[in-house]
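> What shape does this take:
(chains A, B, C, D, E and F)
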Number of protein chains: 4
Amino acid sequence: MATPSTPAPRSAPNPDRRSERARQAILDAALELCGEQLYAGLTMEGIAKRAGVGKQTIYRWWPSKAAILLEAIEERGRSTLDFPDTGNLEADLRTQMTQVAQAFASPLFAAYSKGLIAAAQSDPDIAKAVVDSIIKPRVDLCIERLTKAQAAGELRQDIDLADLVELLYAPLYYRLLLHTRPVTQSQVDTILNLALTGATK
Amino acid sequence: MATPSTPAPRSAPNPDRRSERARQAILDAALELCGEQLYAGLTMEGIAKRAGVGKQTIYRWWPSKAAILLEAIEERGRSTLDFPDTGNLEADLRTQMTQVAQAFASPLFAAYSKGLIAAAQSDPDIAKAVVDSIIKPRVDLCIERLTKAQAAGELRQDIDLADLVELLYAPLYYRLLLHTRPVTQSQVDTILNLALTGATK
Amino acid sequence: MATPSTPAPRSAPNPDRRSERARQAILDAALELCGEQLYAGLTMEGIAKRAGVGKQTIYRWWPSKAAILLEAIEERGRSTLDFPDTGNLEADLRTQMTQVAQAFASPLFAAYSKGLIAAAQSDPDIAKAVVDSIIKPRVDLCIERLTKAQAAGELRQDIDLADLVELLYAPLYYRLLLHTRPVTQSQVDTILNLALTGATK
Amino acid sequence: MATPSTPAPRSAPNPDRRSERARQAILDAALELCGEQLYAGLTMEGIAKRAGVGKQTIYRWWPSKAAILLEAIEERGRSTLDFPDTGNLEADLRTQMTQVAQAFASPLFAAYSKGLIAAAQSDPDIAKAVVDSIIKPRVDLCIERLTKAQAAGELRQDIDLADLVELLYAPLYYRLLLHTRPVTQSQVDTILNLALTGATK
DNA sequence: ATCTAACCGAGACGGTACGTCCGGTCTTCGC
DNA sequence: GCGAAGACCGGACGTACCGTCTCGGTTAGAT
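As a prediction, this is how the structure comes out:
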């Protein structure tokens, strides 16, 4: 009698017998369809048909479309986790932020922004999952790099580094999600110029 | 046959005969339902039933759920348009941004974030409408205030003020949409401290 | 507070607005499909597709496939209601029973036997509806004719005419439903010979 | 390669290794479920679950639900095969038909009528199997008894005994399958009275 | 006594149909 | 002619079963 927290609403499928072929086909189909059309037009039936899979197989392993995209992005998007350390903070930030800016234009991140973040507005579970498994790891790596810079005297000692990360990356998300202007290389330069130096000189 | 510019795809309802009572009831119902439940659960049929209105009455005047919310927010949310000018830029920004931060917690902005911005990810028309009728007016007012400050020497001469507006407000949207942390008063202070002074001192 | 017998589980569609075109298309499609394939292969989706109709339109007006067939047969099968009266009982019975035997071989009665009677075994409501709206009217007409014959001295006075109707028609149903032998003209002759004269002479 | 007559579509399970426990559990489960609910609600998965058996074990030995019921009824229903011969035909018929009438009310025959005969309307194979293994043996025994009676002068010489069997038993099936009236003892009396003596006296 | 073939329980798989919900159009009233 | 009402066609939803398949585990019969 340990922890009966989860009452197991459905008899819990056995992951050992799971078909990896079906899993990959579903992730592929979801990303493809999300790239081809808009997220709102992404349907479970469409994914099932494209993947050559029964709908039950999807519902057995994922609770929602968003969960599929989340897993797809987690698995396919590991490459954007790298964070350089050349000793020059501004250069390293420029490198990394440029990489992020470019990723925001890729089909994978089209699915990310159009699908997941939109869905997160209507589903707290998705919101939490997006933060925990996509945003947090990348923020942590950035903070790690900033911590070294702060120790090296490249940054003010009195600032909270999590706040700085927000100030740097938020403008990229702002343009991505509000569609005011496209996310470009020059935006990265502008952000770094303003945020590091300050608007008042 | 005066102005055949728009070919009137559907027999063009006459706005003079429009029922203001029905219009208000629909806007109310949309906002109420969006506040009570999540945007994904907001349906045309639900709005029609709550408003005591036929579905056709909705489709006659609005092309989509998002359009209803947009009009509701435009009409109900004029209060956040004020921008103070006391002569002290930082104080005025703090006043205005605090006001925005508080608005982000209101039910009206729940509809805004949960509904419109999410829908904008899947519909370029909505995205454009949100920018044009909600964001742009507020950004313009801010730029106007910043222009005075720049002229008064309170800001560096070499910076683009639209970029500065982004840097200031983007972090608020970042937390609103990514749900990493709540939008608070102290976040406003932090943003102003970092953005005006710069992270490198 | 008169009779709240039916609690109206679903808000009761308005029959005045019903589309007669859709109704006929559905009845046609159901009979066609039931004739082409076996009843077990008759599906709501198949009927909807063939009739060019939304599934909801079917569910709005009929509770089951069997109810559709029942209505179709009631409406299309009125022709077998005639019962002759020439003054000669045996000749009239032979005429009528031959007509029934022929009907049992028609596509309409294929649907009847394969569909309705089979379904009636699993659904008391269908069973009752079949008896009330298909069997009873025909039995009553037969009893009416037999009553005249009994009054004319053509039949024993001590027999129950409902029982006699059963004895006459049951063998036709026996072969129809148990598929032992085909229903033929000669079976009618045999039945009349045995039932009217008696097996012991 | 001895006898390639049947090409063995599936690798031909070995009956010697068959689990009698599983077989009995499946037959029991099928009859129980058919008694508890209607045949339409009887599913392979339900049988498998109730019997504590894998679905494959069912499909290995039976081609369909109906085949299971058929085997169950064949095995459990041998008791109605007895046919008495006291020398008095009418008495013997009354005895046997009363026994059949009683059987029609038992749970076993609920499965028979609700399941098999209904299914036979949609599946010629089932129809044939029902006739061959259930109806024919009983009819043959009845004909055998009638033949003796005919030889003893208790019946007309010019009648076909198979037709007479139909006339006697068909009314029982008529009520069983059409649910007009319940099958009772008095029905047996009425049938014998009418069929042996004739309706015209 | 061990090996091995196959039956066993279990259940994941690709599918089909279910009955429901909602989208967006159309039609019919009453005002 | 607008507004309320709601039936219509269509299509996605999430579920239940279908019949097939693939796993260990068990249990013979042959070695």
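> Give me the residue at the spatial middle of chain A.
Centroid check for chain A by C-alpha atoms, centre = their mean gives A:Ile134 as the closest residue, at 4.1 Å.
> Isn't it up against A:Ala72?
No. Checked against C-beta atoms under 8 Å, the pair A:Ile134 and A:Ala72 is beyond contact range at 11.3 Å. Bear in mind the C-beta positions are built from the backbone N, C-alpha and C, glycine included.
> still on that earlier bit, run through the residues that contact the residue nearest to the centre of chain A.
By C-beta atoms under 8 Å, 6 or more residues apart in numbering or on different chains, the contact set of A:Ile134 is A:Leu70, A:Ile73, A:Glu74, A:Gly77, A:Tyr112, A:Leu116.
> quick one: which of these is nearest to C:Leu172?
Using C-beta to C-beta, A:Leu70 is the member of the contacts of A:Ile134 that lies nearest C:Leu172, at 65.1 Å.
> And for the closest one, nearest residue in space, chain neighbours not counted?
Spatially, and ignoring its direct neighbours in sequence, A:Leu70 is nearest to A:Ala129 (5.6 Å; C-beta to C-beta, 6 or more residues apart in numbering or on different chains).
> neighbours of the one you found, just the number please.
A:Ala129 sits with 18 neighbouring residues when counted by other C-beta atoms under 10 Å in any protein chain shown.
> Report the secondary structure state of it.
Three-state assignment for A:Ala129 (DSSP: H, G, I helix; E, B strand; the rest coil): helix.
> And it, how far from B:His179?
Going from A:Ala129 to B:His179 by C-beta to C-beta, to the nearest Å gives 11 Å.
> Chain B versus the residue of chain A found nearest chain C, what's the distance?
With distances taken as C-beta to the nearest C-beta, chain A approaches chain C most closely at A:Glu45, which sits 13.9 Å away. Using C-beta to the nearest C-beta, to the nearest Å, we find A:Glu45 at a distance of 18 Å from chain B.
> Thought A:Val53 was touching that residue, still the case?
No. Using C-beta under 8 Å, A:Glu45 is not in contact with A:Val53, being 10.7 Å away.
> how near is the residue in chain A positioned nearest to chain D to A:Arg60?
In chain A, no residue comes nearer to chain D than A:Ser11, which is 11.3 Å away by C-beta to the nearest C-beta. Relative to A:Arg60, A:Ser11 is positioned 10 Å away (C-beta to C-beta).
> quick check: domain ranges of chain A?
Domain assignment for chain A, taken from automatic domain parsing, gives A:15-66, A:77-197.
> gap between the two ends of the first one?
Here the two ends of domain A:15-66 are set 20 Å apart, with distance taken as C-alpha to C-alpha, to the nearest Å.
> how far out from the middle of the chain is that domain?
In terms of C-alpha atoms, centre = their mean, to the nearest Å, the centre of domain A:15-66 is found 19 Å from the chain centre.
> Briefly note if that domain comes near chain D.
No. When contact is scored as C-beta under 8 Å from any C-beta of the partner chain, no part of domain A:15-66 falls within range of chain D; the minimum is 13.0 Å.
> Quick one: mean pLDDT for that domain?
Mean pLDDT, computed over domain A:15-66, is 94.
> Check which element follows the lowest-mean-pLDDT helix or strand in chain A along the chain.
Among the helices and strands of chain A, helix A:107-111 carries the lowest confidence by mean pLDDT, DSSP states H and E, at a mean of 71. Taking DSSP states H and E as the definition, the helix or strand that follows helix A:107-111 towards the C-terminus is helix A:118-120.
> is any part of that next one close to DNA strand F?
No. On the criterion C-beta under 7 Å from any atom of the strand, helix A:118-120 is out of touch with DNA strand F, staying 11.8 Å away.
> what's that helix packed up against?
Using 3 or more C-beta pairs under 8 Å, 6 or more residues apart in numbering or on different chains; DSSP states H and E as the contact criterion, the neighbours of helix A:118-120 among helices and strands are helix A:65-76, helix A:124-130, helix B:118-120.
> sorry, back to before: among A:Ser11 and A:Arg60, which residue is more densely surrounded?
Taking neighbours as other C-beta under 10 Å, A:Ser11 and A:Arg60 compare with A:Arg60 leading, 13 against 6.
> Please tell me how far the more buried one sits from C:Arg181.
Remark: distance between A:Arg60 and C:Arg181 (C-beta to C-beta) = 50 Å.
> swap in A:Ala101?
As defined by C-beta to C-beta, A:Ala101 lies at a distance of 83 Å from C:Arg181.
> more neighbours, those two?
In terms of neighbours (other C-beta under 10 Å), A:Ala101 is the more surrounded of A:Ala101 and C:Arg181; the figures are 21 against 13.
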